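In: Generate a structure from the sequence data that follows.
(chains A and B, ligands or ions: 1)
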Amino acid sequence: MSENKLQTLAVLVENEAGVLSQISRLFSRKGYNIESLAVGTTHDPTISRITIEVNADDDRAELLCNQLRKMIPVYSVKLLSHNNSIRRELVLIKVKAEDTIVRNEVLQIAGVFRASVIDVSVDTLTIAVIGEEEKVNAIFDLLKQHGILEMVRTGVIAIERGARMITEETKEKDEFDFGKSVI
Amino acid sequence: MKKTGAEILIECLNEQGVDTIFGYPGGTILNVYDALYKNEGKIQHVLTSHEQGAAHAADGYARSTGKVGVCFATSGPGATNLISGIATAYMDSSPVVFISCNVAENLIGKDSFQEVDTTGITSPITKCNFLISDVNKLADTVREAFAIARSGRPGPVLIDMLKNVTAEKAEYKFLPVEKHAQSGKLADLLKRASHDLKAPEVDQSDIDKLVDMIKDSERPFIICGGGVVRSRADKEFKTFAEKVDGPVAITVMGAGGIPGRHPLATGMIGMHGTQASNIAADQCDLLISVGCRFSDRVALNPASFAKNAKIVHIDIDRSEINKNVETDHHIIGDAKKVLQLVNKGLRKQSHQEWKDHVFTYPIETVYDEDDSKLTPKQVLSTIAKLAPQDTIVSTDVGQHQMWAIQHFHFDYPGQLLTSGGFGTMGFGLGAAIGAKVSHPDKTVVHITGDGSFRMNCNELATEEHYKLPIITVIFDNKTLGMVRQWQTLIYDKRYAETDLHRGPDFVKLAEAYGLKGKRVTNVKELKAVLKQALKGDVGYVIDCVIDTDEMVRPMVSGGSHITNFLAI
Ligand SMILES: Cc1ncc(C[n+]2csc(CCOP(=O)(O)OP(=O)(O)O)c2C)c(N)n1
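Out: Got it, this is the predicted structure:
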């Protein structure tokens, strides 16, 4: 068995009530904690795309994908490797910034990470940063010393590099469609 | 024409040609029952004693006919009483459409009387489920539900309707089943699978590869799984096995996929597999599984299973591939279609020496038998001898279930109705009712244990009311035999809570329900009662007294290597 690592699953599903809960329940049923989850509609409003991150070894991740592929409301599933995909997350961080020195420092950090200040109050600054986990973690570590009041992340979204697509017709996809055939 | 939701539902069942519904009414489903009443008996409704019985009956109907079973229940406890039945159907890929109602929209989410999240609870045990809150979507969803239940890898589908939907009106137009795939959600589903209204095709190169592997094999071995039974591929399977000319084992679900006494049949494989089957699996150089998912009861230890063989997995469900056992080749498709294609490309092989070797090992367990007492095998052989050859047998779960599969020798798909995957005690009587309703001319025998029978014997009332002369045969060992067997072999004879020296008197119980009951202690008595029971005038409960310490043999304990027999 290979070692556990953070696996990224991209899942196209029917945009219908109850589908998201069915998907997330599958993970809890198999004993996996979802580390990150992002959902939204695609260019086709009847289809949603879910990006899920879980800690699993490669074999288990493949099994999870197969269990997802088997579900009727699921169109396609792809395991995205860190090398072959572009990954982004949006994080909003509210920091305590009561005196000018701290304020300036926070603004400086934001500048270095190309984060934007999206809200200012007398005592706080709210910063938005977009990036991969490494970048988000780095800015988080630096801001921590000034006292983070609140933080919210969208969860990672990911897309494959180059011309390859999640909807690709493969032999494997055909094989899964067999079990879900309706004639 | 505008119709109420309840009427549309009944019309949709008529479209599907549904002839029987098993169910139980209640507050939220009243409109549906009213519509059924007004439908003037075009569809027969069987009122069971308990929703679990209805669920098993619909499942038994589906397994024995190959058609989709239908089951109704009301909200709350009605729906939750279905759960064991739905899970049983799910684990054994049985096509049943369950229809429940829920409280009206204005009461949802308020912990209203008999409100429960039915779709939430059943999501892990259905192939798909639907909550209907818009009457305009009802007809389309019912059509989709039936198509999903019956095609691909079959399975249960649940539709939960809000009570207000059953009263609200929508436009309904009759649509024959052949046209369903061209309209609504089904058309969308098909398009996205790029099937464009034709059934998917098996990949010919996968077939060719299997044919080559068979030609190269000296010691081929075949497993007949539930997929053969579900797809009614018994003829194709028999031809295939004869062409391969290798020994064939059945799984619990595969019983009936090949005639039980076929010269290539080695009996069951796995935990209670025969020596011939288990040893063949261990020594073969090519193992071909048709519609079997290598469950822990079959493969036992996945790492050492068929370690000398190339494993080929034929299945309709791609997610089964490499799930339990690593395979060398797989073919995805309906068993019937795949086997037709393989048979076309395969010339008859011959493996006399290998067969001779495998058949030196026993294909059936031998017991000490005399006329003074009844052994499990005697009970089964006596039934098999006296009952018509096409008798349908349902079982409950435990030793009697394994004995039935070992000694009855099933000949065709749908002849054995048993809960293989979920192991649901209490399945048998409901399933027998479903089978007898759909096969009034066939003899239906329900094989049970004294523990299992106690669970759902309330359905004797259903059996009596609808005049379904089922023959219940209790293997009365005064214990939860299968659990006791584990306690004997693995727990040093510490018999915790498995003793069943307690009531009721099953003979009197049968009589109380208006049926005939008889206790027997030897073959002669059994024969006499069976002859009466087989006349089929009235339901019978035959209480066969057997030894408490009788065991199912052979046995390999869970997770061990397949030839590591704990008892032979
Ligand atoms: C609903 C349910 N509860 C518990 C079990 C666990 N179990 C498996 S076999 C068995 C004993 C069955 O006893 P009986 O019906 O008398 O059959 P026997 O083994 O004696 O033939 C039990 C309790 C089960 N399979 N199903």
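
In: Residue B:424 should be in a strand, yeah?
Out: No: read with DSSP: H, G, I helix; E, B strand; the rest coil, residue B:424 is coil and lies in no strand.

In: number of nearby residues for residue 153?
Out: Let's take chain A. 16 (other CB atoms under 10 Å in any protein chain shown). Backbone N, C-alpha and C define where each C-beta goes, glycine included.

In: meant chain B, my bad for not saying
Out: Other residues close to residue B:153 by other CB under 10 Å number 23.

In: repeat for the one 10 residues further on
Out: Counted by other CB under 10 Å, the residues lying close to residue B:163 total 25.

In: That one and the ligand, how far apart?
Out: To the ligand, residue B:163 is 31 Å away according to CB to the nearest ligand atom, to the nearest Å.

In: my guess is that residue meets residue B:31, correct?
Out: Yes: counting by CB atoms under 8 Å, residue B:31 is a contact partner of residue B:163 at 7.2 Å.

In: contacting residues for the residue in the stretch 251-400 of chain B that the ligand sits nearest to?
Out: Closest to the ligand within the stretch 251-400 of chain B is residue B:398: 2.4 Å, counting by CB to the nearest ligand atom. By CB atoms under 8 Å, 6 or more residues apart in numbering or on different chains, the residues touching residue B:398 are B:425, B:449, B:451, B:452, B:480, B:481, B:482, B:483.

In: For chain A, state which of these is nearest.
Out: The closest of those to chain A turns out to be residue B:425 (CB to the nearest CB; 23.8 Å).

In: Without its sequence neighbours, what residue ends up closest to that closest one?
Out: Leaving aside its chain neighbours, residue B:425 sits nearest to residue B:452 (4.2 Å; criterion: CB to CB, 6 or more residues apart in numbering or on different chains).

In: quick check, the one you found in a helix?
Out: Yes: when three-state DSSP is applied, residue B:452 is found to be in a helix.

In: Number of residues surrounding it?
Out: Around residue B:452 there are 29 residues (other CB under 10 Å).

In: thought it was touching residue B:423?
Out: No: using CB under 8 Å, residue B:452 makes no contact with residue B:423, being 10.3 Å away.

In: what residues are shared contacts of the two?
Out: residue B:397.

In: which residues touch the helix or strand bottoming out on mean pLDDT in chain B?
Out: Among the helices and strands of chain B, helix B:184-192 carries the lowest confidence by mean pLDDT, DSSP states H and E, at a mean of 83. Contact with helix B:184-192 is made by A:72, A:75, A:180, A:182-183, B:140-141, B:143-144, B:147, B:180-181, B:196-197, as judged by CB under 8 Å, 6+ apart.

In: so where does residue 178 fall, helix or strand?
Out: Picked chain A for this. Element membership of residue A:178, judged by DSSP states H and E, is helix A:171-179.

In: looking at chain B here, not the other one
Out: Residue-wise, residue B:178 maps onto helix B:177-180 under DSSP H and E.

In: quick one: is that helix near chain A?
Out: No: Helix B:177-180 stays clear of chain A (CB under 8 Å from any CB of the partner chain), getting no nearer than 8.7 Å.

In: Which strands border the longest strand belonging to chain A, and is each parallel or antiparallel?
Out: Using DSSP state E, we find that the single longest strand of chain A is strand A:85-96. Next to strand A:85-96 in the sheet, as set by DSSP bridges, lie strand A:124-131 (antiparallel), strand A:148-153 (antiparallel), strand A:157-160 (antiparallel).

In: Dump these to JSON lines, plus distance to residue A:13 and mean pLDDT.
Out: Formatted as JSON lines, the strands paired with strand A:85-96 follow (distance: least, CB to CB, whole Å; pLDDT from 0 to 100):
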{"stretch": "strand A:124-131", "distance to residue A:13": "25", "mean pLDDT": "95"}
{"stretch": "strand A:148-153", "distance to residue A:13": "22", "mean pLDDT": "95"}
{"stretch": "strand A:157-160", "distance to residue A:13": "15", "mean pLDDT": "96"}
